[in-house]
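>>> below: sequence and its predicted model.
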Amino acid sequence: MLRIFKSLLRPVLKQINCYNNNFSKKFAFTLSEVLITLGIIGIVAAVTIPPLVSNYRKNVLKTQFIKKYAEISQAVLLAKSETNGNFKEYCTQYDGTSFFNETQCKAIFDKYFKKTGTCKYKEDVLTYDKKLAASVNYGAVTAPKILLSDGSCYDICVNAYQLGFTFDFN
């Protein structure tokens, strides 16, 4: 049986240059071949991994934004229904010295979020392009203050007959 097997494999083994009469010749990769292969793998990994990570981060941020936008929209719709469709008008009523419904407006809006505390920042909150410190013209809010259960922060301000919503969710 072994003789038949050898005779069948002999032509194939001769073509790939690994045939020896007693099948005792051993083949292995040299150190330089292994190092070159690892170097090529490293270069390919260095070229392909950063774009993959960047795309992943963009997708995560996009998903967080869409989720938070849906939550905000739902909260605004519920607040509008609670104020008979006049949430903005209710919040921006001005008596000559102050927006007298601002506290009640925040209380209505706060009901629709799970608050867990106050946000604390180690440094200035930057805008999306990381060039400027984030600031909101409505009431000079520089960073959202209310910490939500999902780790995001938000604040609502009333000024100049406008509602300002500030969210930090990444």
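Looks like it arrived, so ask away. Numbers count the residues shown, from 1 in each chain.
>>> could you measure from F87 over to L77?
As for F87, its distance to L77 is 9 Å (criterion: CB to CB, to the nearest Å). Yep, even glycine has a C-beta here, placed from its N, CA and C like the rest.
>>> these two: which is more packed in?
The neighbour count for F87 versus L77, taken as other CB atoms under 10 Å, is higher for F87 (21 against 13).
>>> what is the mean pLDDT for stretch 154-164?
Average pLDDT, stretch 154-164: 75.
>>> same thing with stretch 83-95?
79.
>>> again, but for stretch 101-118
Taken as a whole, stretch 101-118 carries a mean pLDDT of 82.
>>> could you number the chain from 36 rather than 1 from now on?
Got it, the first residue is 36 from now on, which makes the last one we talked about stretch 136-153.
>>> can you get me the start-to-end distance on it?
Start and end residues of stretch 136-153 are separated by 22 Å (CA to CA, to the nearest Å).
>>> who does the helix or strand harbouring Y189 pair up with?
Using DSSP states H and E, Y189 sits within strand 188-194. If you go by DSSP bridges, strand 188-194 pairs up with strand 181-183 (antiparallel), strand 197-203 (antiparallel).
>>> gap between the closest residue to V111 other than its chain neighbours and F64?
Here the nearest residue to V111 in space, its sequence neighbours aside, is F122; by CB to CB, 6 or more residues apart in numbering that works out to 6.6 Å. Taking CB to CB as the measure, F122 falls 71 Å from F64.
>>> repeat that for K97.
Noted for K97: a distance of 45 Å to F64, by CB to CB.
>>> against V69, how distant is Y147?
Counting by CB to CB, the gap from Y147 to V69 is 60 Å.
>>> of the two, who's got more company?
Between Y147 and V69, counted using other CB under 10 Å, Y147 has the larger neighbour count: 15 against 11.
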